[in-house]
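structure of the sequence below:
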Amino acid sequence: QVQLVESGGGLVQAGGSLRLSCAASGRPISTYVMGWFRQAPGKERDFVTSISWSGSNTNYADSVKGRFTISRDEAKNTVYLQMNSLKPEDTAVYYCAAGSRYSWRGDEYDYWGQGTQVTVSS
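Here you go, the predicted structure:
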């Protein structure tokens, strides 16, 4: 079993950048597919991005392609989400997740962090 803790959220102006971190403990992240999801107030949880076990494959939601980048650092057992050119519509709670299938579906992920708030002001 793996435990996930997100950090790095905050308030940023439109056009700015943030880097989210997801620190894992209990098991190495190399044994999992890792993903980021987000949930805005009153909306469903949405897929943002995922990265395969080896890190050689990544997948992004259309809404974040070209602006967000997922990466993993096996030595630090941490996954990152670099978010550039942020927009007000990116405002949400961002969740890190770990699973055994390379998927955009939230129900394919078994472990979740507590989330970190990202707020983008216009």
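
from here on, contacts and neighbour counts on C-alpha atoms
Fine.

the spatially most central residue of the chain bridge partners, please.
A centroid search over the chain (Cα atoms, centre = their mean) returns Trp36, at 2.5 Å, as the residue closest to the centre. Beta-bridge pairing for Trp36 (DSSP bridges): Thr49, Cys96.

and it, what does it touch?
Neighbouring residues of Trp36 by Cα atoms under 8 Å, 6 or more residues apart in numbering: Phe47, Val48, Thr49, Ser50, Leu81, Tyr94, Tyr95, Cys96, Ala97.

name the element the fifth one belongs to?
Per DSSP states H and E: Leu81 is located in strand 78-83.

strand partners (parallel or antiparallel) of that strand?
Strand 78-83 has these partner strands in its sheet, going by DSSP bridges: strand 18-25 (antiparallel), strand 68-73 (antiparallel).

could you list the residues in contact with the shortest one?
Which is strand 68-73. Taking Cα under 8 Å, 6+ apart as the rule, strand 68-73 contacts Thr49, Ser50, Ile51, Gly55, Thr58, Thr78, Val79, Tyr80, Leu81, Gln82, Met83, Asn84.

quick one: average pLDDT of it?
For strand 68-73, mean pLDDT rounds to 97.

which residues of this structure fall in strands?
Applying DSSP state E to the chain gives strands spanning 3-7, 10-13, 18-25, 33-39, 45-51, 58-60, 68-73, 78-83, 92-99, 109-112, 116-121.

count of residues packed around the closest residue in space to Gly115 that isn't next to it in sequence?
Excluding the flanking residues, the one nearest Gly115 by Cα to Cα, 6 or more residues apart in numbering is Tyr95, at 4.4 Å. For Tyr95, the tally of surrounding residues (other Cα atoms under 10 Å) stands at 26.

for Tyr95, report the pLDDT, please.
Note for Tyr95: predicted pLDDT of 98.

now do the contacts for it.
Under the criterion of Cα under 8 Å, 6+ apart, the neighbours of Tyr95 are Glu6, Trp36, Phe37, Arg38, Trp112, Gly113, Gln114, Gly115, Thr116.
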